[in-house]
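1. Give me a 3D structure for the following:
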Amino acid sequence: MNKGLRGGISAGVCALVLAACGGGGGDGDSTAAQATPATQVKDNGVQPSNLTAIKIADIGITPTNALRPGTKVDFVVSGTFPSGTTYAWDFSDGPPLSTGASTSHTYSKVGKFTVKVTATDSSGKKSTEMRTVEIVQNEPPVVGGTIAVDRPDLSGGVSIGTGSTGAINLGHVESTGRSVKVVVNATDPQGDSLTYKWLIDGIAYGQSSTSNTLSYTFSTGGAHVVTVIVMDEYGGQTSHDFPVTLASTIVDPADPDTLLKPTGYAVWKSSYTGQPVGRIRVAANKTAWALPMLKPQVLRSTDNGRSWQELTLPKDERGAETRGFIDVGFADDKNIWVVGCPQQEYVKFEGGALINFDYASAMHSSDGGNSWENVSLGAYLESRCINAVQFAGQNGWVVNERGIVGNTTDGGKTWRFLADAKIDAKHMQFTDAQNGWIVGAARNTSKLQISRTTDGGATWTVSKTPDVEMNTSASLYFVDSKNGYASGSLWSRAPYPVLKTTDGGATWTTVPIPNNTFIRDLAFTTPTSGYALDSLGDVYGTKDGGSNWAKIGVRSTDDSGGLESFAIGGNSALLGTSSSYFVSGNTSLLGSLPTGGGVFWLTPL
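-> Below you'll find the model as predicted:
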């Protein structure tokens, strides 16, 4: 470079420096003096970057505190930066790194982390700054203080300790509307926003929201649990159970003064007196079905047991020489199945009669019971009486008295042999497509046994049960895949227990019924609330899983006969059947005890 050019550049730089510093001896304004260092360029195109010193003043961090794993943290650098400056960020927890004057980063674990940013100008000069970011453990919400409950006797609410856990008992609610309103007091230690989720008896109710208030009207009485789950925005949550006992016809076993008095009994209301009736079941649409014991018929009620319609099946009707069906099941509202013992069709014609031996042990209706067809399930299954039929959607099962199980996966269009349950079977129940149980006796003995499956009936395992003798009225009732009850003791073997399981039937324990009575049938509404029916028609209720029982109804006062079977209908009504024509001078054979609408209290007969 020649001396003249070098001197020109040096002079120009000095002039710019004087202008930038406000110096110079001139009186007038100078264009060069007003320009910024980033835009001052000499004729030869050289950028005077040395006029602006690169310097990071601060690193802005948002939010500034209570940073939790999963929190998005925003960073921005401030200071003096010439044009063309680049930035390099290091968050000290590994990739990804970042560039730019502002950026965001999410930390996945708790700890203290050094955030480092380096700014580099176009000439290679650097400025570095560091800050410490602390990520702390998320703390769940706290439920405490007073929980407001819309009840006259709890006007002050229910007080619980801050941060306490477990169940807070709301007590016994005597309310015709069975309504409960709960207002939860919850806070978050780190100031997070909260959402609330509610469960009624373990089932989600409504959507999660920011409302801390629940108003709910129960359709049935008895024991219930209201659960609130309080959640913060980082996944922390705290839950509380609120057990509540609502007005119910089950007498509270804990209160002797409310037990059934000897001056009054609840008597079943008669609604059908045509003939002895055995099994009764209620479909999902609340239509009740009952099976006469001596005629191949089906009884149907669409008004919760108040009236019954006889539906005659295309079978032999020679009176006492024939038998009725044993069990009824429902693939859906239209497809109804009844099963029983092999029967024959008896056809009269001029000059004689014909017995058709081709009739099988099962009948099917595809129109809700208005018309029926004879269906063969296979000779292997029908070599003995078929004692039970069950459906879980389009999956169905039958079992004969020797424990041979048949299966359908298409609603009954086709059936196949499935497995041997390894017991003489009486009753069967499935709660879903995988979990099922059969109650009966050990083969060629009177010892009660229960066999269970967890693979849809492909394989069966005999459960471990107490040493109990079985009778012809063995009963089985599962509320869900874990909680179930069974019975089946002989008259001669006291006490007469109900068996209970909480592990899906793998093991069973005994829960004795008061007065050493012989239990014919069981029905439960929750894992802990249910009914037991004895041979005389007395009905016992429990709300604590069988630890305590109270007699809530009586069928008769003598030993001439009683109820055969019962089931829970709409509005928690008890629907019962009777196998005896005359009970205490009455012919009340099939009826309903409307537990939702009241009990008939009468003096003893």
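
2. Which residue ranges of this structure form helices?
-> 3-20, 31-34, 379-382 (DSSP state H).

3. so what does the last one touch, helix or strand wise?
-> Using 3 or more C-beta pairs under 8 Å, 6 or more residues apart in numbering; DSSP states H and E as the contact criterion, the neighbours of helix 379-382 among helices and strands are strand 395-400, strand 404-408. Just so you know, the C-beta spots here come from the backbone N, C-alpha and C atoms, and that holds for glycine as well.

4. In JSON lines: these, plus distance to residue 290.
-> Shown next, in JSON lines, are the helices and strands packed on helix 379-382 (distance: least, C-beta to C-beta, whole Å):
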{"stretch": "strand 395-400", "distance to residue 290": "19"}
{"stretch": "strand 404-408", "distance to residue 290": "24"}
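
5. Just say which of those is most tucked in.
-> For the helices and strands packed on helix 379-382, the largest average neighbour count (mean count of other C-beta atoms under 10 Å) is found in strand 395-400, namely a mean of 26.

6. Sheet partners, orientation included, of that strand?
-> The strands beside strand 395-400 in its sheet (DSSP bridges) come out as strand 386-392 (antiparallel), strand 404-408 (antiparallel).

7. Quick one: those as a markdown table, columns for distance to residue 469 too.
-> Putting those into a markdown table (distance: least, C-beta to C-beta, whole Å) gives the following:
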| stretch | distance to residue 469 |
| --- | --- |
| strand 386-392 | 19 |
| strand 404-408 | 24 |
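
8. Mind checking the ones you listed for the one nearest to residue 520?
-> strand 386-392 (15.4 Å; C-beta to C-beta).

9. Format the CA atom coordinates belonging to that closest one as PDB.
-> The C-alpha coordinates for strand 386-392 follow below in PDB (Å, rounded to 0.1, in the frame of the first residue of the first chain):
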ATOM      1  CA  ILE A 386     -76.500 -76.600  30.100                       C
ATOM      2  CA  ASN A 387     -76.600 -74.700  33.400                       C
ATOM      3  CA  ALA A 388     -75.500 -71.200  32.500                       C
ATOM      4  CA  VAL A 389     -75.100 -68.800  29.700                       C
ATOM      5  CA  GLN A 390     -73.200 -65.500  29.700                       C
ATOM      6  CA  PHE A 391     -72.300 -62.700  27.300                       C
ATOM      7  CA  ALA A 392     -69.800 -59.900  27.200                       C
END
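
10. which outside residues touch it?
-> Residues outside strand 386-392 that contact it (C-beta atoms under 8 Å, 6 or more residues apart in numbering): 326-331, 337-341, 361-362, 377, 396-401, 411, 425-433, 436, 438.

11. ChimeraX command for the buried members of those residues?
-> Buried members of the contacts of strand 386-392, defined by 16 or more other C-beta atoms under 10 Å, are picked up in ChimeraX with:
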select :326,327,328,329,330,331,337,338,339,340,341,361,362,377,396,397,398,399,400,401,411,425,426,427,428,429,430,431,436,438
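
12. Which members of the contacts of strand 386-392 are positioned in strands?
-> 326-330, 337-340, 362, 396-400, 425-430, 436, 438 (DSSP state E).

13. Where does the prediction get shaky in the stretch 101-250 of the chain?
-> Within the stretch 101-250 of the chain, the stretches with pLDDT under 70 are 144-179, 218-223, 244-250.

14. on that earlier part again, and of the helices and strands packed on helix 379-382, who's closest to residue 548?
-> For residue 548, the closest of the helices and strands packed on helix 379-382 is strand 395-400, at 33.7 Å, according to C-beta to C-beta.

15. Next, the angle strand 336-340 makes with that closest one.
-> Put simply, strand 395-400 runs at 20 degrees to strand 336-340, going by axes from the mean of the first three to the mean of the last three C-alpha atoms, to 10 degrees.

16. who's in contact with strand 395-400?
-> 329, 331, 337, 339, 361-362, 377, 381-391, 405-409, 411-412, 415, 418, 421, 425, 428, 430, 433, 436, 438, 456-457.

17. how does it look with 6 Å?
-> Applying C-beta atoms under 6 Å, 6 or more residues apart in numbering, the contact partners of strand 395-400 are 339, 381, 384, 386, 388-390, 405-409, 412, 425, 428, 433, 438, 457.

18. The strands paired with strand 395-400: which one's closest to residue 85?
-> For the strands paired with strand 395-400, the distance to residue 85 is smallest for strand 386-392, at 68.9 Å, taking C-beta to C-beta.

19. so which of the helices and strands packed on helix 379-382 gets nearest residue 211?
-> The minimum distance between residue 211 and the helices and strands packed on helix 379-382 falls on strand 395-400, with 39.9 Å, by C-beta to C-beta.

20. beta partners of the nearest residue to residue 510 once chain neighbours are set aside?
-> Nearest non-adjacent residue to residue 510, counting by C-beta to C-beta, 6 or more residues apart in numbering: residue 497, 3.7 Å away. Counting by DSSP bridges, residue 497 is bridged to residue 512.

21. Tell me the confidence at the closest residue to residue 505 other than its chain neighbours?
-> Leaving aside its sequence neighbours, residue 505 sits nearest to residue 452 (C-beta to C-beta, 6+ apart; 4.1 Å). If you check residue 452, the pLDDT there is 95.

22. Quick check, residue 452 in contact with residue 437.
-> Yes - contact criterion C-beta atoms under 6 Å: residue 452 and residue 437 qualify, at 4.9 Å.

23. sorry, back to before: for the residue nearest to residue 510, give its distance to residue 525.
-> According to C-beta to C-beta, to the nearest Å, residue 497 and residue 525 sit 21 Å apart.

24. cool, and residue 422?
-> 31 Å.

25. And for residue 225?
-> Note on residue 225: its distance to residue 525, by C-beta to C-beta, is 13 Å.

26. just to revisit the earlier point, so which of the strands paired with strand 395-400 is nearest residue 295?
-> Residue 295 lies closest, by C-beta to C-beta, to one member of the strands paired with strand 395-400: strand 386-392, at 17.7 Å.

27. Now residue 333: closest residue in space, sequence neighbours ignored.
-> Nearest residue to residue 333, sequence neighbours excluded (C-beta to C-beta, 6+ apart): residue 285, at 4.8 Å.

28. What's the local residue count around the one you found?
-> If you count neighbours by other C-beta atoms under 10 Å, residue 285 ends up with 12.

29. just the one 4 residues further on next, same as before
-> Residue 289 is surrounded by 24 other residues when neighbours are defined as other C-beta under 10 Å.

30. Do I have it right that it meets residue 281?
-> Yes - using C-beta under 6 Å, residue 289 is in contact with residue 281, at 5.5 Å.

31. For these two, list the residues in contact with both.
-> residue 328.

32. the strands in the stretch 401-550 of the chain, which residues?
-> Using DSSP state E, counting those that start in this stretch, the strands of the stretch 401-550 of the chain run over residues 404-408, 416-420, 424-430, 436-441, 448-453, 461-462, 475-478, 484-487, 497-501, 509-512, 519-524, 530-534, 539-542, 550-553.

33. Okay, now the sheet partners of the shortest one, with direction.
-> In this case it means strand 461-462. Using DSSP bridges, strand 461-462 pairs in its sheet with strand 448-453 (antiparallel).

34. And for the third one?
-> Partner strands and pairing direction for strand 424-430 (DSSP bridges) are strand 436-441 (antiparallel).

35. For stretch 376-394, measure first residue to last.
-> End-to-end distance of stretch 376-394: 18 Å, with C-alpha to C-alpha, to the nearest Å as the criterion.

36. Can you give me the buried ones in it?
-> 377, 381, 382, 384, 385, 386, 387, 388, 389, 390, 391, 392.

37. do stretch 227-234 as well
-> 227, 228, 229, 230, 231, 232, 234.

38. Tell me the spacing between the residue nearest to residue 486 when sequence neighbours are not counted and residue 462.
-> Nearest residue to residue 486 in three dimensions, chain neighbours excluded: residue 499, at 4.4 Å (C-beta to C-beta, 6+ apart). When C-beta to C-beta is applied, the distance between residue 499 and residue 462 equals 14 Å.

39. rewinding a little: ok, the buried residues of stretch 227-234 vs residue 519, which is closest?
-> Ranked by distance to residue 519 (C-beta to C-beta), the buried residues of stretch 227-234 are led by residue 227 at 32.3 Å.
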